[in-house]
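[1] pasting the sequence and the predicted coordinates here, then a few questions.
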Amino acid sequence: MPKRILLKLSGEALCSTNSRGLDPKEMRSISREIKEALKTKCQLAIVMGGGNIWRGVRDGGGIISRVNSDNMGMLATVINAIALQSALEDIGVPTRVLTSINMDKLAEPFIRRRAIRHLEKGRVVIFAGGTGSPFFTTDTAAALRAAEIKADTILKATQVDGVYDSDPKINPKAKLIAKITYEEAINKGLKFMDTAALALCLENKFKLCVFNLHKKGNIKLAAQGKKIGTTIY
């Protein structure tokens with residue numbers, strides 16, 4: 001049976017560095033990387049973030065309530081999912097967008113069995129809308145969807161090389177961690193994923209790989225189980 005992988009992509013994967021919105025050049029680049037990863041004969045599902053369009057903590061300005069802000073973030077992930085779908089299909093990769101929010105004219109509703117059937121037919125499944133509820137991050141949505149589709153592993157593509165002992169953007173002496181347990185990550189308060197997502201991963205005994213999205217070939221290497229970035233177990 002082909003390996004089933006859940007890939008978590010931030011919205012920033014679809015825009016240029018220090019920018020926002022959608023960049024066709026970046027969309028084409030990430031779609032080609034995904035197509036290369038599919039050569040490993042894996043079944044691939046993707047959970048999209050929305051931070052390139054809306055990030056509630058940063059963008060609400062104290063005017064928009066947390067619930068409304070999170071709802072806006074969920075809508076942003078749908079925009080990103082449709083954009084990624086278009087980029088993938090432009091290079092011949094069949095996809096389906098499934099959303100936790102009811103919007104039948106834009107995407108299929110998330111139904112677990114339907115998602116699994118699409119994967120079995122060789123389609124890339126893009127999950128949008130987060131968990132469908134406020135107060136939960138798209139990292140938590142990734143752990144949840146991985147559990148629901150019985151994924152073998154979770155890959156989290158980030159802006160840095162993996163998990164560090166402190167923020168490498170603030171501390172130039174921050175050290176990359178090659179391997180760490182979920183319990184250690186939670187106890188040390190490492191911020192690469194929120195605690196709810198880490199707890200779900202721990203409960204379901206997922207192997208998680210956190211790696212640099214911007215290094216060519218990394219998605220394929222991670223899909224092959226190569227030692228890149230940080231492994232959490």
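    Arrived safely.
[2] show me what secondary structure element comes after the helix or strand encompassing residue 140.
    Element membership for residue 140, per DSSP states H and E: helix 138-148. Remark: after helix 138-148, the chain's next helix or strand is strand 153-158, criterion DSSP H and E.
[3] next, the angle from that following strand to helix 138-148.
    Going by axes from the mean of the first three to the mean of the last three CA atoms, to 10 degrees, strand 153-158 is angled at 160 degrees with respect to helix 138-148.
[4] that older thread, just checking, what packs against the helix holding residue 140?
    Applying 3 or more CB pairs under 8 Å, 6 or more residues apart in numbering; DSSP states H and E, one finds that helix 138-148 contacts strand 4-9, strand 43-48, helix 112-120, strand 153-158, helix 195-203. (C-beta placed from N, C-alpha, C; glycine too.)
[5] hmm, who's touching the last one?
    Outside of helix 195-203, the residues within contact range by CB atoms under 8 Å, 6 or more residues apart in numbering are 136-137, 139-140, 142-144, 146-147, 154, 182-183, 185-186, 193, 208, 232.
[6] are any of the residues you listed buried, and if so which?
    The neighbour-count test (16 or more other CB atoms under 10 Å) marks 136-137, 139-140, 142-144, 146-147, 154, 182, 185, 193, 208, 232 as buried among the contacts of helix 195-203.
[7] closest one to residue 108 out of those, please.
    Using CB to CB, residue 144 is the member of those that sits closest to residue 108, with 17.6 Å.
[8] what's the span of stretch 90-106, first residue to last?
    Separation of the first and last residues of stretch 90-106 by CA to CA, to the nearest Å is 18 Å.
[9] and that stretch, which residues are buried?
    93, 95-101.
[10] so which of the residues you listed is the closest to residue 74?
    When the buried residues of stretch 90-106 are compared for distance to residue 74 (CB to CB), residue 101 wins out at 6.0 Å.
[11] now do the phi/psi pair for the residue of the chain most remote from its centre.
    Largest separation from the mean C-alpha position in the chain: residue 63, at 28.1 Å (CA atoms, centre = their mean). The phi/psi pair for residue 63 (degrees, to the nearest 10) reads phi -100, psi -40.
[12] which of the helices and strands packed on helix 138-148 sits most buried?
    strand 43-48 (a mean of 28; mean count of other CB atoms under 10 Å).
[13] let's see that one as PDB, backbone CA atoms only.
    The C-alpha trace of strand 43-48 is given here as PDB (Å, rounded to 0.1, in the frame of the first residue of the first chain):
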ATOM      1  CA  GLN A  43      -0.700   9.300  -1.400                       C
ATOM      2  CA  LEU A  44      -0.500  13.000  -0.600                       C
ATOM      3  CA  ALA A  45      -2.900  15.200   1.300                       C
ATOM      4  CA  ILE A  46      -2.200  18.900   2.100                       C
ATOM      5  CA  VAL A  47      -3.500  21.200   4.800                       C
ATOM      6  CA  MET A  48      -3.200  24.900   3.800                       C
END
